[in-house]
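>>> Got a sequence here, can you build the structure:
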Amino acid sequence: MQQARIIIATMPAENYLRNLDKGVRGLSSRRSLLALADLAAARSLEIYLVGGTVRELVLGRPSPDLDLAVSSQTLDLARDLAQTLGGTFVLLDEKERTARVVWGKEILDLAEFRAPTLEGDLRGRDFTLNALALDLKAVLGRRALELVDPLGGLADLKQGLIRMVAPENLAYDPLRLLRAYRFAATHGLVISPETARAIGQYVALFPRVAGERVHQELFLLLGAPRAAPVLREMDRIGLLNQVLPELADMKGVAQDGFHHLDVFHHALETVAHLEEVLARPQDFFGELTPEVARYAAAAPRPVLLKLAALFHDVGKPQVQERRQDPDRYTFYYHEKVGVEIFTAAALRLRMSNEESRAVVKLIQLHMRPFLLMPLFRRGRLSIRALGRLVRAARRDLPGLFTLAMADSLAAQGSQKPPDSEQTLADLADAAYRFLKERLEPQELQPRLLSGHDLIKVLGLQPGPRFRHLLTAVEEAQWEGDVTTREEALKLVRRLL
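Numbers count the residues shown, from 1 in each chain. Model (predicted):
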């Protein structure tokens, strides 16, 4: 079989040589690969490490999952490997002849050649940087190590380019349109002009991609530290409207007062500032800084924050009303409508309930800090009002104020007070102090009253007002108005 090869000794960049050599040494003693090679030899099969696995080895990045191309008999081989290792066989696609073997922390994805030869298989891939291969026997030291690169993927990596193998390959699987921008975000690469043009031609095909596949690529993209410029490029080419069609109605919806951009471009600007705040929380917050850093360190919270930034005003187009002045608008209850719109998007993207709830919570609460700021600025914000915000946000308090800070930075309208960000940071510190000095210590103490007390002492029947009454006692404790059980009972009697 004739194949274009680049011998490792003639690779154009020394760092690639070192990266690949080091990566291969790390794989050469893996029991899973040794077992796979022996099983393949017994069947006279060819096996290559391919695609993302080789790309990451060349770049010196870890590749926890291994992608392998097999000349034939892939499903039987994967079953035998799982049995040999005592691992788990997972059939991915019987028609495409793809399977996964899970063994401990290792994941091996095996796919059958999509053409009679390896080179033909590589020519059916999405981008040249993924059309790379290493013979498994060479990885294990059983033959000379050569990098199979028939399409110049290595040179494109060196130039920082994402270049399609062929336009029809993008049309074959439209998820590859999004994947191009995901690589741009995660690897800091530039999409070549001809590839961008082809993506623009095929964007109308994107809706046929299954939601769970979009979810995976979108989360990887948004998880990159600088996703905002990539989102703007996706919008320019027309892809963002296909990936998140719910955002399209925000375009051209004017705002006034605090804002200088329409609703859609404000959302993109909020994502950009959110990434700045996540990268350097100490530049924007005081006492809350360590909490923001800890909050953002737990995946997928940065992704969920960026989704909240994109969707926080998505309800505005449906509730926009002009005031008497034709250049002024109101958007009452836009967060409620926004939650409904986002929930539908989350279902389409097959987001987990936990992921969806986290974003919904941020959208629901995103206006609360701003509504408290005028009173806080004048020193008239009550402990009760502050406590209600903290109690509603709880473990997402750092995320809520991170989103609020980004939202504020993205709004540069003429009516915006110049001290907005400093006031917001001070409010965040006050909220954090309330959480640590009042709410959490109070929760560690026995409750002054319980539902049982309302029934036994006051003779009440259980119902929705129980929660109202017990909450009133809790809030009175925050302000120091109630400190004993007797005072709590007196308050409840007065409320009744």
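>>> Against Gln216, how distant is the residue lying closest to His334 once chain neighbours are set aside?
What sits nearest to His334 in space, not counting adjacent residues and going by Cβ to Cβ, 6 or more residues apart in numbering, is Gly315, at 3.9 Å. Glycine gets a C-beta too; all of them are placed from N, C-alpha and C. Distance of Gly315 to Gln216, computed by Cβ to Cβ, to the nearest Å: 27 Å.
>>> out of the two, which sits in the more crowded spot?
Ranked by neighbour count (other Cβ atoms under 10 Å), Gly315 and Gln216 place Gly315 first, with 24 against 16.
>>> The helix or strand harbouring Ala138 - what's its average pLDDT?
Assigned by DSSP states H and E, Ala138 falls within helix 136-139. In this model, helix 136-139 has an average pLDDT of 96.
>>> Quick one: mean pLDDT for whichever helix or strand comes after it?
In the C-terminal direction, the helix or strand that comes right after helix 136-139 (DSSP H and E) is strand 146-148. Average pLDDT, strand 146-148: 92.
>>> Partner strands of strand 146-148, with direction?
Using DSSP bridges, strand 146-148 pairs in its sheet with strand 5-7 (antiparallel), strand 133-135 (antiparallel).
>>> Show me which parts of the last one are buried, residue by residue.
It stands for strand 133-135. Of all the residues in strand 133-135, those buried under the rule 16 or more other Cβ atoms under 10 Å are 133-135.
>>> List just the nearest of the residues you listed to Tyr295.
Of all these, Tyr295 sits closest to Leu134, with 39.9 Å by Cβ to Cβ.
>>> got a list of what the closest residue to the closest one other than its chain neighbours touches?
Spatial nearest neighbour of Leu134, excluding adjacent residues (Cβ to Cβ, 6+ apart): Leu49 at 4.5 Å. Leu49 is in contact with 27, 57, 66-68, 133-134, 136, 139, counting by Cβ atoms under 8 Å, 6 or more residues apart in numbering.
>>> pretty sure Leu261 belongs to a strand, no?
No - counting by DSSP: H, G, I helix; E, B strand; the rest coil, Leu261 falls outside a strand, being coil.
>>> That one contacts Glu269, correct?
Yes - here Leu261 reaches Glu269: they are 6.1 Å apart, a contact under Cβ atoms under 8 Å.
>>> When those two are compared, which one has more neighbours?
Neighbour count, other Cβ under 10 Å: between Leu261 and Glu269, Glu269 has more, with 22 against 17.
>>> Look up phi and psi at that one.
phi -70, psi -30 (degrees, to the nearest 10).
>>> Setting aside sequence neighbours, what's the nearest residue to it?
Nearest residue to Glu269, sequence neighbours excluded (Cβ to Cβ, 6+ apart): Ala410, at 3.9 Å.
>>> Please apply the same query to Met373.
Using Cβ to Cβ, 6+ apart, the closest residue to Met373 is Thr423 (5.5 Å).
>>> List the buried residues for the helix or strand harbouring Pro398?
In this structure, Pro398 sits in helix 397-409 according to DSSP H and E. The neighbour-count check on helix 397-409 (16+ other Cβ under 10 Å) flags 397-409 as buried.
>>> What's the first helix or strand after it?
Criterion used, DSSP H and E; the element after helix 397-409 is helix 420-434.
>>> Who are the packing partners of the helix or strand that that following helix is followed by?
Using DSSP H and E, the helix or strand that follows helix 420-434 in sequence is helix 440-444. Applying 3 or more Cβ pairs under 8 Å, 6 or more residues apart in numbering; DSSP states H and E, one finds that helix 440-444 contacts helix 465-478.
>>> Quick one: list the elements packing against the helix it packs on.
Counting by 3+ Cβ pairs under 8 Å, 6+ apart, helix 465-478 packs on helix 383-393, helix 440-444, helix 451-456, helix 485-495.
>>> which residue is nearest the centroid of the chain?
Computing the C-alpha centroid of the chain and ranking residues by Cα atoms, centre = their mean puts Val303 first, at 2.7 Å.
>>> how far away is that residue from Val253?
Note on Val303: its distance to Val253, by Cβ to Cβ, is 25 Å.
>>> And for Glu56?
42 Å.
>>> element containing the nearest residue to Leu220 once chain neighbours are set aside, please.
Closest residue to Leu220 apart from its sequence neighbours, by Cβ to Cβ, 6+ apart: Arg182 at 5.2 Å. Assigned by DSSP H and E, Arg182 falls within helix 175-187.
>>> ok, now Leu460?
Using DSSP H and E, no element contains Leu460; it sits outside every helix and strand.
>>> Please enumerate the strands of this structure.
For the chain, applying DSSP state E gives strands covering 5-7, 47-50, 65-70, 88-93, 98-103, 106-112, 133-135, 146-148, 161-162, 190-191, 321-322, 329-330.
>>> I'd like these written out as TSV, with distance to Ala171 added.
Putting the strands of the chain into TSV (distance: least, Cβ to Cβ, whole Å) gives the following:
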stretch	distance to Ala171
strand 5-7	29
strand 47-50	21
strand 65-70	22
strand 88-93	19
strand 98-103	20
strand 106-112	20
strand 133-135	24
strand 146-148	25
strand 161-162	17
strand 190-191	16
strand 321-322	44
strand 329-330	42
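>>> which one of those lies closest to Arg208?
strand 88-93 (16.3 Å).
>>> Could you chop this protein up by domain?
Using automatic domain parsing, the domain parsing of the chain gives 5-159, 167-243, 245-444, 451-495.
>>> Show the end-to-end separation of the third one, please.
To tie it back to what came earlier, the one meant is domain 245-444. Taking Cα to Cα, to the nearest Å, domain 245-444 runs 46 Å from one end to the other.
>>> ok so, going back, nearest to Thr471, of the strands of the chain?
With Cβ to Cβ, the closest approach to Thr471 among these belongs to strand 329-330: 30.1 Å.
>>> Kindly provide the whole-number mean pLDDT of the closest one.
pLDDT averaged over strand 329-330 gives 64.
>>> likewise stretch 293-311?
Mean predicted confidence for stretch 293-311 is 97.
>>> Could you list the residues in contact with it?
By Cβ under 8 Å, 6+ apart, stretch 293-311 touches 219, 222-223, 227, 231, 244, 246-247, 267-268, 270-271, 274-275, 278, 281, 338, 341-342, 345, 355, 358-359, 362-363, 366, 396, 398-399, 402-403, 406-407.
>>> Tell me, please, where in the stretch 301-450 of the chain the pLDDT is lower than the cut-off.
322-330 (pLDDT under 70).
>>> picking that back up, identify the residues contacting the residue nearest to Glu269.
For Ala410, the contact set (Cβ under 8 Å, 6+ apart) comprises 261, 266, 269-270, 272-273.
>>> out of those, which one sits closest to Arg79?
Distances from Arg79 to the contacts of Ala410, taken as Cβ to Cβ, are shortest for Ala272 (48.2 Å).
>>> which ones are touching the closest one?
228-229, 410.
>>> now Asp429: how far from Pro398?
Separation of Asp429 from Pro398 (Cβ to Cβ) stands at 12 Å.
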